[in-house]
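Participant: coords please:
(one chain, ligands or ions: 2)
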Amino acid sequence: MSGTSAIAADERLAAYDFGPDHPFQAGRLEAGLSLLRAAEVLEDGDRLPFGPAADADLELVHDRDYLEALTRFSAPGPQQPGPAEAVRFGLTGDNRPFPGMDGAARLVAGATIAALDAVAAGDLTHVFAPVAGLHHAQRRRAVGFCLVNDVAVAIARRTRAWPSRVLYVDLDAHHGDGVQAAFYDDSRVCTVSLHETGRYLFPGSGEIHELGRLPGIGRSVNLPLEPWTGDDGFLAAFDAVVEPLAAAFRPELLVTQNGCDGHADDPLSDLALSLRGFRELARRLHRLAHRHCQGRWVATGGGGYDLDRVVPRAWALLWSELSGRRLPARVPASWLAARGQSSRPGGWVEPRRRRRSAAPAGARELAARNQRTVRAVRRLVLPPTVRVAYPIASRGGGAGRLPGWEPRAGEHQAPDGPLVLRDRCPASLLRRLEVDPGIHAFVRAPEQEREVLARIAEEPAGEVVVAHTPEGLVVGYVAVLDPEPGTRFASLPGLLEVGAVEVATGWRRGGVASALLRFAVEPDPFEDLILIASGLAWHWDLEQSGLSAVAYRRVLGRVFEAAGFELFRTDEPEIAYHAANLFVARVGTRVPTARRAAFTSRLVRGQRPMP
Ligand SMILES: [Zn+2]
Ligand SMILES: [Zn+2]
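Facilitator: Ligands and ions are numbered 1, 2, ... in the order given. Modelled structure (predicted):
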C-alpha cells in the first residue's frame, strides 16, 4: 500500500447492480475506476483489502430477520418468498431483489468497515470507498437503492470498540436519513446532512428541527437547501455550520458521504452544483480532517447518476484530493474515446463561465431562503459563543461593535477561595490563562474552550468577562455578544445578547454565577440597551449537573433574575419549539418607548411566571 491513503474498491463490487435500466448499476464502478487508471492516479498497491461484512457487525444496525430476508431474496431464479414479505422489507420497486444481492451488500459494508478500521488503527490516514455510503438503508428496510447501511454499520463497529467521537458529513443531494436514524440518540456520533429540501425530494425528511434525542440531542444536524442551489450557496452553508460544529464537537474521525447527485446534470435531484463545487468541498473536508481529526478521514462515494461525465470525474477529483495524486491537465483522450465521448470538453471541471448568466427568476428568493435556513440551524446547533467565534463570512467588519465600556476588575469571595472578575478581557490575556476542565460548555476541552473565548474577544461583536483564581485559572465566564446579523434579534437596534454564563462544576456554589453575571452586566452602562439571553435546553450542561431540564432552567432563571432580567415567552421559532428553552430580557430604563414597543411586538409573546 503506497503512502497513507488507499481505495477500498475492486471489481467484485460490480455485483451491487440493480440492472442496466436502473440508476444504480454495475457500470458506475467501471466508469469510475477506469478513469482513475487511465489518468494514472491509481495503482494496484493502492487497494485496501476487504471481505464481506460479518453478521455480528451488520446486526449492530440491522435486525436479524431483515438480514435473513436479504439472503432469501438473493437466491437465483424466480422470487421464492412472497410479495408481502418483499413489501415489508422494502425489497420492491427501486430496490427490487437481484441474484447475489446479499453477498454484494455485505461486500459494500465490508469495504467501509475495512476503511474505518484502517484509519482508526492509524494504518492509513485517508481511505476512499467509492461504492459505499448507502445512507438510506434502515434497521429493517431497504430504502433508496440502499440494502445495508454500510456507513452506519462501520461507525457503530468503531464506536463500540473504540470510545470515540465520529463526525459524519453527508453531501449527497438526498437526506442521509438512515445514518441519522442509526445514531439519533447517540452523543458520540454527530451526523450533518446537506441536501435538497425534503419538500421536493426523496426521502422527504431532513428538516432543521430533527436535532436528535437525548443524550444525542444536537448531534443530528440538517441543512435542507432549496432546489437550484449551486456551488456558492452550498459552500456558504457548509462553511457557516460544518467548521464551527467540528471545532465544538472535536471529532476523532471524519466519515463523509460525497454523493455527487447534487450536480446540475444529475437526473435525480434539482440542485445545481458543478464539479468545481465538489472539488472545493473535497478540499474543505480534507482540511477539516487534518485540523480536527488528526487527518483521520474516510470518504464514501454515495449517490450520483450521471455515469458518463459527472460520477467518474467527481470520484477522480475526490481521490486526487485525498491521495495527493495529481491529475493530468486533461481527462485522457483514450478514456473519453473508449467511453464513446468526444474529446471535448476534456476538462476535469466545468469551464469557468466568462459572464455569469442572468440569474433565473426567483434565484434571489431561493438564496434568501437558504440564508434563513443556515442562520436558524446555527441558532439551533451552535451556542452563541461558538457563533461569534466562527462568524458567517458576510458579517461586516465592525458593524456590530459593542459599546466601549471601561475595563474594570472586581472580586468575589467564593467558598472555595477568592476570585478576580475581569471585564473586556483581551484575547492575549485569555490565551495566557488556563481554563478549568470543569467548564462543560458546548466545547468540551479546556484548550478549545479558551480558543473560543479568545476568538470572541477578537471579534468586534463579542466581549468576554471572566472569573479567575489569583493563580490565573478561569473558573467561569460571561460572554456578551452582538446578535448574529440576519436574525430577528439583530433587527432591533441597541439589543445585546448574553451568549453564555458558564461556571466550572467545582465552583457552582456560593453565587459565583450570579456575582459574575451582575458584574458583567452592571445596570448602569446598559441603561439604554435591551439585554436578552436565550438558552436552548440541550445546550445546558445537564449531564454534569444531574438536574432535569426544568430544574436547570429554574436555576438559570434565578441567576438572571438576580441581575434584573425577566422571563418571557417568545415565538422566535428556534426558542419556542421546546418548552424547556429559556428566554429572558432586561430592558434598560432609558430605552426609548418606540424601541421598547418594537421589542415587545416582535419578540415577546407574554410574560411567564418564574417557575
Ligand atoms: Zn491529508
Ligand atoms: Zn442521493
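Participant: distance check, the residue nearest to residue 445 when sequence neighbours are not counted against ligand 2.
Facilitator: Nearest non-adjacent residue to residue 445, counting by C-beta to C-beta, 6 or more residues apart in numbering: residue 250, 6.0 Å away. Just so you know, the C-beta spots here come from the backbone N, C-alpha and C atoms, and that holds for glycine as well. Going from residue 250 to ligand 2 by C-beta to the ion, to the nearest Å gives 29 Å.
Participant: now do residue 293
Facilitator: 24 Å.
Participant: quick one: residues contacting that residue.
Facilitator: 167, 251, 252, 253, 254 (C-beta atoms under 8 Å, 6 or more residues apart in numbering).
Participant: for it, what are phi and psi?
Facilitator: Dihedral angles of residue 293 (phi, psi; degrees, to the nearest 10) stand at phi -130, psi 30.
Participant: could you shift the numbering so residue one becomes 26, and keep it that way?
Facilitator: OK, 26 is where the count begins now, so the last one is residue 318.
Participant: doesn't residue 213 make contact with the residue nearest to residue 470?
Facilitator: No: the pair residue 275 / residue 213 is not scored as a contact, 11.3 Å apart, by C-beta atoms under 8 Å.
Participant: which residues do these two both contact?
Facilitator: Going by C-beta under 8 Å, 6+ apart, residues that sit against residue 275 and also against residue 213 are residue 190.
Participant: quick one: mean pLDDT for stretch 68-80?
Facilitator: What stretch 68-80 shows for mean pLDDT is 96.
Participant: that one: which residues count as buried?
Facilitator: For stretch 68-80, burial by neighbour count (16 or more other C-beta atoms under 10 Å) applies to 71, 73, 75, 77, 78.
Participant: residues in contact with it: which ones?
Facilitator: By C-beta under 8 Å, 6+ apart, stretch 68-80 touches 26-27, 30-35, 89, 92, 128, 131-132, 134-136, 138-140, 143, 149, 152, 173, 175, 178, 348.
Participant: before we move on, back to that, in helices only, show me the contacts of residue 318.
Facilitator: Using DSSP state H, the subset of the contacts of residue 318 located in helices is empty.
Participant: format these as JSON lines; extra columns: pLDDT.
Facilitator: JSON lines is the format used below for these (pLDDT from 0 to 100):
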{"residue": "192", "pLDDT": "98"}
{"residue": "276", "pLDDT": "93"}
{"residue": "277", "pLDDT": "94"}
{"residue": "278", "pLDDT": "96"}
{"residue": "279", "pLDDT": "98"}
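Participant: what subset of those is buried?
Facilitator: Buried residues within the contacts of residue 318, counting neighbours by 16+ other C-beta under 10 Å: 192, 276, 277, 278, 279.
Participant: excluding its backbone neighbours, what's nearest the third one?
Facilitator: The spatial neighbour of residue 277 that comes closest, neighbours along the chain excluded (C-beta to C-beta, 6+ apart), is residue 189 at 4.4 Å.
Participant: check whether the one you found really touches residue 213, as I assumed.
Facilitator: Yes: with contact defined as C-beta under 8 Å, residue 189 reaches residue 213; the gap is 6.7 Å.
Participant: would you agree residue 557 is in contact with residue 520?
Facilitator: Yes: with contacts counted by C-beta under 8 Å, residue 557 reaches residue 520, the gap being 6.4 Å.
Participant: any residues in contact with both of these two?
Facilitator: residue 514.
Participant: ok, back up a step: CSV for the buried residues of stretch 68-80, including distance to residue 392?
Facilitator: CSV is the format used below for the buried residues of stretch 68-80 (distance: C-beta to C-beta, whole Å):
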residue, distance to residue 392
71, 40
73, 41
75, 42
77, 45
78, 42
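Participant: let me know the closest of those to residue 375.
Facilitator: Residue 375 has its nearest neighbour among those in residue 71, at 27.4 Å by C-beta to C-beta.
Participant: and that closest one, how far from residue 338?
Facilitator: Counting by C-beta to C-beta, to the nearest Å, the gap from residue 71 to residue 338 is 19 Å.
Participant: please apply the same query to residue 374.
Facilitator: Relative to residue 338, and taking C-beta to C-beta, residue 374 is found at 8 Å.
Participant: for these two, indicate the residue with more neighbours.
Facilitator: For residue 374 versus residue 338, the count of surrounding residues by other C-beta atoms under 10 Å is larger for residue 338: 25 against 16.
Participant: I'd assumed that one was in a helix, is it?
Facilitator: Yes: using DSSP: H, G, I helix; E, B strand; the rest coil, the secondary structure at residue 338 is a helix.
Participant: show me the contacts for it.
Facilitator: Counting by C-beta under 8 Å, 6+ apart, residue 338 has contacts 60, 300, 356, 373, 374.
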